[in-house]
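Student: Quick one: sequence plus predicted model below, questions after.
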Amino acid sequence: MNNASVGPSDVRVRAISEDGTVRAVAAVTSTLAEEARRRQQSAPTATAALGRALTASALLAAALKGDQKVTVRILGDGPLGAILVDGSADGDVRGYVQNPSVDLPLNDRRKLDVASAVGKGTIHITRDLGLRHPYEASAPLVSGEIGEDLTYYLARSEQIRSVVSLGVLVDRDESVLAAGGFVLQVMPGASSEVISALEAQAAALQSVTTLIRSGASAHDVLSSAFGNLSWRALDERPIQFACTCSLERVSGVLQGLGCEELQTLYEEQGQAEVTCRFCGERYVLDAPALRALMQQVCTGEAPSPIN
Ligand code: ZN
């Protein structure tokens, strides 16, 4: 992996205001966004969209515990197609964009035009908390910029007033120069002084990528977001790109095709080749392995498919 343009390892920090009415989480995700770009071979506009979404899932996952998981799906009608990212409590994050080669001209603010690339549609957030059913909600995309869409989602679907900032700065050589963001959530009971202080601070904020590019840590991003409000950090954790794919899972997916399709695959291609959409890892079941799997499925000896 080319680490030349990115800083030290990515970190996520959770924090709370001294009076307990404002919760926040900030993350530096430059390495994560660059690794996703490299794995997807994405063009700058797609890199920015995917990096923002990965940052969003890293931030949302900060509220999880154990092996709980959050999945963010951004389903817009723009050229990027779907963006799918997931994050876990332990800091693992992965994601992909359907059409990573999408690159649009800069918008009229001379920024990567993520909004046009995403288009109109919906944002879906699923939290798998280990209960019988995952918690799932959605909201319309309000701009396609992802940060604004998440703010609106939190207000509408989870009744949480928040300030969200997500950013990815792409270098001339198309690698990620800086990425990160924060989510600041105002709890019920926050005083009007606290709310107006946060609103004033939000209006005066430097962009999160400007901060991170100049060397800011996740703590520094929190200091900037809280402004004059006193706060303290609760915990800190490294975050990283990590995928859960494996040859076993790939075999499980192939089993799910059924006897006839596996026979066709075996006869026409002799082997099976599957590339993980999240991480780009390529798995090959050679002829003997595919034949064994096919015989297992066709004679009804197959265990139920792993998802
Ligand atoms: Zn994978």
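Tutor: Happy to help now that I have it.
Student: contact partners of the helix or strand of the chain with the lowest mean pLDDT?
Tutor: Lowest on mean pLDDT, DSSP states H and E among the helices and strands of the chain sits helix 192-204, with a mean of 87. Helix 192-204 is contacted from outside by 17, 19, 21-22, 161, 163, 184, 186, 225-229, using Cβ atoms under 8 Å, 6 or more residues apart in numbering. No exception for glycine: its C-beta is placed from N, CA and C like everyone else's.
Student: Please repeat the previous calculation with a cut-off of 6 Å.
Tutor: Contacting residues not belonging to helix 192-204 are listed as Thr21, Val163, Gly227, Asn228, Leu229 [Cβ atoms under 6 Å, 6 or more residues apart in numbering].
Student: what sits against the second one?
Tutor: So the one you mean is Val163. Residues near Val163 by Cβ under 6 Å, 6+ apart: Leu184, Ala202.
Student: can you pull the pLDDT of it?
Tutor: We have a pLDDT of 92 for Val163.
Student: Show me which residues of the stretch 101-250 of the chain are close to the ion?
Tutor: Cys243, Cys245 (Cβ under 5 Å from the ion).
Student: all helices of the stretch 101-250 of the chain, in order?
Tutor: Using DSSP state H, counting those that start in this stretch, the helices found in the stretch 101-250 of the chain span residues 114-118, 147-158, 192-204, 208-213, 218-226, 247-255.
Student: nearest to Ser30, of those?
Tutor: Ser30 lies closest to helix 208-213 among the helices of the stretch 101-250 of the chain, at 6.5 Å (Cβ to Cβ).
Student: ok, and what's touching stretch 171-191?
Tutor: Under Cβ under 6 Å, 6+ apart, the answer for stretch 171-191 is 5, 21-30, 33-34, 37, 44, 51, 55, 59, 160-166, 168-169, 208-209, 212-213, 221, 225.
Student: And for stretch 106-113?
Tutor: In contact with stretch 106-113 (Cβ under 6 Å, 6+ apart) are residues Pro44, Thr45, Ala48, Leu104.
Student: and which of those residues is nearest to Ile123?
Tutor: When the contacts of stretch 106-113 are compared against Ile123 (criterion: Cβ to Cβ), the nearest one is Ala48, at 16.5 Å.
Student: Could you check how many residues crowd around that closest one?
Tutor: The local packing of Ala48 (other Cβ atoms under 10 Å) involves 29 other residues.
Student: again with the one 5 residues further on
Tutor: Using other Cβ under 10 Å as the criterion, Ala53 is surrounded by 30 other residues.
Student: That one - that's part of a helix, no?
Tutor: Yes: the assignment for Ala53 is a helix, going by DSSP: H, G, I helix; E, B strand; the rest coil.
Student: tell me the contacts of it?
Tutor: Contacts for Ala53 (Cβ under 6 Å, 6+ apart) come out as Val72, Ile74, Ile83, Val85, Gly95, Ile146.
Student: now Val142
Tutor: Glu148, Asp149, Tyr152.
Student: What's the separation between the residue nearest to it when sequence neighbours are not counted and Ile123?
Tutor: What sits nearest to Val142 in space, not counting adjacent residues and going by Cβ to Cβ, 6 or more residues apart in numbering, is Tyr152, at 4.6 Å. Separation of Tyr152 from Ile123 (Cβ to Cβ, to the nearest Å): 8 Å.
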